[in-house]
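Visitor: what would the 3D arrangement of this be:
(2 chains)
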Amino acid sequence: MPTVRSWIEDWLTAVTDLRHLLWFRVSTLQRRRPAAVALTVLVVVSVGSATVPAWWPERDPTTLDRLADVVPAYLVALVALTAAAAVASGGGRELLARDPAAVHPISPVTDHLGALVLAPLSAAWLLQTWGLLGITAFLTGPHPAQLVPRLALALAWIAAATALGQLAGWAVEWVRRGPGGVLAARTVIGLGVAGGALVGVLPVARDVALGGPAGAVAAALVGNGRASVATGALLVATALFVVLGGQAAVRVARRAPRDEGRIESRSYAARRAPRSAFSALVRTDRGSVWRSVPLRRGTFFLALAPGAATLVHPVPWATLVVLPGLVVSGCVLLFGVNVWCLDGRGLLWRETLPVSPGLPLAARAWVVAELLLGAALVTVGLAALGAGRPSGAEVVAVAAAIVVVTGQALSGGLRWSLESPYAVDLRSARATPAPPLAMVGYSVRLALVTTSTTMVLASLAEVGRADLVLLLATVLVGWSTVRLAGVRRRWLDPEQRAAVVAVVAA
Amino acid sequence: MTGVGEGPAIEVAGLRVQFGAVEAVAGVDLRVAPGHALALLGRNGAGKSTTMRVLAGVVPPTAGVARVRGYDVRTDPLSVKRLVGYCPDVGGLVPRATPWEHLQLSARLRRLTDWERGARDLLERFELGDAAHRVTAGFSHGMSRRLSVVLAVHHEPAVLLLDEPFDGVDPIGVEATLTAIDDARARGAGVLVSTHLRDLAVRACGDVTVLRGGARVATVPAAAMAGEEGARAYRALLD
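Guide: Residues are numbered from 1 along each chain as shown, chains lettered A, B, ... in the order given. Take a look at the predicted model:
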């Protein structure tokens, strides 16, 4: 039938175009060696996480039972994560940014396949995947004949979850672009969050969520079922989700993006003249953040989602100390790793304004810091509601964690902004401040630094050593200050500044 | 020898700018007196925009001299920026700020007072009054160009640098830009205009400098570049 042939041809063309776009992205990599190193590290860590735990010498039966119990919830969380990422980014990542892509006949199906290919290049996706592979290997033990099919099953679940998440992302974006779309999309997201809350508080809902496909796959992963049958079923489901996602992408492409249009066509009332040069710069930078769809949406998501999750599943203060690191790391990735891209080509004009170059840097740092601190405070405030009564050391540790990780993220972000600027237009919800592989590198480095720091602070608080918490925090804040001073010194060099301007305003 | 704050509006001698292995400007000499306008013509990559960026204090020169009203762009870029109004060749606008917010920022950093009425008049003259409070990300190319010219002239700079100000601009915008150049000259500002539109360069400026391969090949009265004969002369200088 002609219709069927045409449909198949569309997909074959999309696959061919995807290959061309991937080749284009690879051939235009600015820093090939770091990219190759990063990819090698990713492969090595993936293989390591899938094998090393199987041969781990200490295999306590209690630990094995406890791990087996959390597998269903872990599988469901992976689906929730991929869906949340695709929904928040308005349909996932782009192989080619929208404006340069506009001149090429790139079909929505190609776009969909590109988003699927890029989905793994996110720290959250990678960490969850490594976690699942590691748990599977640990539970299976040193038995290659059993390990291989179970790892295949785990990978099939990850593939199905990614494809389903992408489908959810397109579906919500289709709703958002429709009549009354913003309200409708928020309602859909609200229903999703409410569903998650019900799973948290109602045992019946939890049994339904964890007992369906997740329960069956979890059983097969721990050896209570045939892994090959479950893997086959998941691969069929993955293919179905991929095809449905492609159809959803075609429908989304027929509707105009709503959020950017709303922001770009509305009128912003004139405000009184700023009192100082610094406040003028801060005001401009704040506008650039809060009028950007991905930045606004990302900030609200990161500030509210972890806190909302703790309302459902309250966490103790010892765990709460770790939360600011996760939230701040996520927020700085929104634009803080390429801070000058906020100005786009306007950076060229801003550079001609008669002001000492240190002042715009200070204003930019201020705006990033207030966003990081604000998001961390909201998260901690929400989490504190159900965390019970803290000890004095725990309060000190949480406060120290907020300040320390903000300093770490700020100094790291500003340093990377200077060393590796990119010309990026943060207009679309799908835009990121740096290429996907660079974003993975930034997020892994941030996660390692902030998480290890907050875990040490939490350990010190647990043994009641507020004095050591304060001492460590002082040292770490001092180190961040030294690094910030280094960034400032380099930014004041006109040649380094000109190099950043040349790239960002290109 | 002239001191700072006096003398030629623009003085460039032996200017060189190197980006890695690429020499973008390879020995440019220019001189623009107060109240005069000079057009920079040349093919793509001739070094026009880089020369403009040096004079605007954005790109430091690799070698040579570049002075604005006697202030050296290398040693006193802040003073240069106070004197200059610059319209960049690309974009030049903060995407999520409104035209009015651009003007407010510029006015605050330049310590201007009572600037609002003049800014409103300028926006109206460039037909941007209705868009004064919309973010520039939604602007057309022509609107962005016109706003860049407004931002360059609103503080009545002593030196006006316009890089491709007519690119994609409608006839009303072109007339407004030509008027802005005339006004700047009338109050004694030095004007440097880079453009590919030879006819408009002839209309706007008294002299024309042609750059080729990052170096100056000729400076002639604008009239010599007018009409068919001027087109032939220009082509001969480019080849």
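Visitor: contacts, neighbours, all on C-alpha from now
Guide: Will do.
Visitor: what's the local residue count around the residue nearest to A:Ala227 when sequence neighbours are not counted?
Guide: Excluding its sequence neighbours, the residue lying closest to A:Ala227 (Cα to Cα, 6 or more residues apart in numbering or on different chains) is A:Ala220, at 5.2 Å. Using other Cα atoms under 10 Å in any protein chain shown, A:Ala220 has 21 neighbouring residues.
Visitor: what is the helix or strand containing A:Ala220 packed up against?
Guide: According to DSSP states H and E, A:Ala220 maps onto helix A:213-221. On a contact count with 3 or more Cα pairs under 8 Å, 6 or more residues apart in numbering or on different chains; DSSP states H and E, helix A:213-221 meets helix A:61-88, helix A:144-176, helix A:227-253.
Visitor: roughly how far apart are the residue nearest to A:Ala227 and chain B?
Guide: 52 Å (Cα to the nearest Cα, to the nearest Å).
Visitor: tell me the contacts of that residue?
Guide: Neighbouring residues of A:Ala220 by Cα atoms under 8 Å, 6 or more residues apart in numbering or on different chains: A:Arg150, A:Arg226, A:Ala227, A:Ala230.
Visitor: from the contact counts, what lies against the longest helix along chain B?
Guide: Under DSSP state H, the helix in chain B containing the largest number of residues is helix B:171-186. Applying 3+ Cα pairs under 8 Å, 6+ apart, one finds that helix B:171-186 makes contact with helix B:141-153, strand B:190-194, helix B:198-204.
Visitor: buried deepest among these, which one?
Guide: Mean neighbour counts were compared across the helices and strands packed on helix B:171-186 using mean count of other Cα atoms under 10 Å in any protein chain shown; the top stretch is strand B:190-194, at a mean of 27.
Visitor: partner strands of that one and their direction?
Guide: Sheet pairing here is set by DSSP bridges, and for strand B:190-194 it gives strand B:37-42 (parallel), strand B:159-163 (parallel).
Visitor: and the shortest one, which residues are buried?
Guide: For strand B:159-163, the buried set under the neighbour-count rule, 16 or more other Cα atoms under 10 Å in any protein chain shown, comprises B:Val159, B:Leu160, B:Leu161, B:Leu162, B:Asp163.
Visitor: same check, this time on stretch A:142-159
Guide: Buried, per 16+ other Cα under 10 Å, within stretch A:142-159: A:142, A:147-159.
Visitor: what number of residues lie near A:Val321?
Guide: 28.
Visitor: show me where chain B has strands.
Guide: With strands called from DSSP state E, chain B shows them at B:10-19, B:22-32, B:37-42, B:63-68, B:71-72, B:84-87, B:159-163, B:190-194, B:207-212, B:215-221.
Visitor: ok, the closest residue to A:Gly392 other than its chain neighbours to A:Val444 distance?
Guide: Sequence neighbours aside, A:Ala466 is the residue nearest to A:Gly392 in space, at 7.4 Å (criterion: Cα to Cα, 6+ apart). Between A:Ala466 and A:Val444 the distance is 29 Å, computed by Cα to Cα, to the nearest Å.
Visitor: contacts only, for residue 80.
Guide: If you meant another chain, say so; for now it's chain A. A:Ala80 touches A:Gly165, counting by Cα under 8 Å, 6+ apart.
Visitor: I was thinking of chain B, sorry if that wasn't clear
Guide: A:Pro354, B:Leu55, B:Ala56, B:Gly57, B:Val68, B:Arg69, B:Tyr71, B:Asp72, B:Val73.
Visitor: with B:Val22 instead?
Guide: Residues counted as contacts of B:Val22 (Cα under 8 Å, 6+ apart): none.
Visitor: in contact with the residue of the stretch 301-450 of chain A found nearest chain B, which residues?
Guide: In the stretch 301-450 of chain A, no residue comes nearer to chain B than A:Gly346, which is 3.8 Å away by Cα to the nearest Cα. A:Gly346 is in contact with A:Ala505, B:Gly91, B:Gly92, B:Leu93, B:Val94, B:Pro95, counting by Cα under 8 Å, 6+ apart.
Visitor: hmm, back to that, tell me the predicted confidence for the residue nearest to A:Ala227.
Guide: A:Ala220 is assigned 89 on the pLDDT scale.
Visitor: and the one 5 residues further on, by the same measure?
Guide: On pLDDT, A:Gly225 comes in at 72.
Visitor: where does it land in three-state SS?
Guide: On the three-state scheme (DSSP: H, G, I helix; E, B strand; the rest coil), A:Gly225 is labelled coil.
Visitor: what about the nearest residue to B:Ala189 once chain neighbours are set aside, how many residues nearby?
Guide: Spatial nearest neighbour of B:Ala189, excluding adjacent residues (Cα to Cα, 6+ apart): B:Ala158 at 4.5 Å. For B:Ala158, the count of nearby residues is 25 (other Cα under 10 Å).
Visitor: isn't B:Ala158 up against B:Ala186?
Guide: No: look at B:Ala158 against B:Ala186 with Cα atoms under 8 Å: they stay out of range, at 11.1 Å.
Visitor: about what we covered before: now distance to A:Leu198, pLDDT and neighbour count too, for the contacts of B:Val80, in CSV please.
Guide: Formatted as CSV, the contacts of B:Val80 follow (distance: Cα to Cα, whole Å; pLDDT from 0 to 100; neighbours: other Cα atoms under 10 Å in any protein chain shown):
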residue, distance to A:Leu198, pLDDT, neighbour count
A:Pro354, 56, 94, 20
B:Leu55, 64, 96, 30
B:Ala56, 60, 94, 31
B:Gly57, 60, 93, 28
B:Val68, 69, 95, 31
B:Arg69, 71, 94, 26
B:Tyr71, 69, 94, 23
B:Asp72, 68, 94, 20
B:Val73, 65, 94, 23
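Visitor: got CSV for those, with distance to B:Arg198 too?
Guide: Below are the contacts of B:Val80 laid out as CSV (distance: Cα to Cα, whole Å):
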residue, distance to B:Arg198
A:Pro354, 32
B:Leu55, 22
B:Ala56, 23
B:Gly57, 26
B:Val68, 25
B:Arg69, 27
B:Tyr71, 30
B:Asp72, 30
B:Val73, 28
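Visitor: nearest to A:Leu29 among those residues?
Guide: Nearest to A:Leu29, judged by Cα to Cα, of these is B:Gly57 at 30.6 Å.
Visitor: and the closest one, how far from chain A?
Guide: B:Gly57 is 6 Å from chain A, by Cα to the nearest Cα.
Visitor: and chain A, which residues reach chain B?
Guide: A:261, A:263-270, A:273-274, A:276-277, A:280-281, A:284, A:287-288, A:291-292, A:342-356, A:494-495, A:498, A:505-506 (Cα under 8 Å from any Cα of the partner chain).
Visitor: give me the number of neighbouring residues for A:Ser6.
Guide: Around A:Ser6 there are 11 residues (other Cα under 10 Å).
Visitor: what pLDDT does the residue in the stretch 401-506 of chain A positioned nearest to chain B get?
Guide: Going by Cα to the nearest Cα, chain B is nearest to A:Ala498 of the stretch 401-506 of chain A, at 5.5 Å. We have a pLDDT of 93 for A:Ala498.
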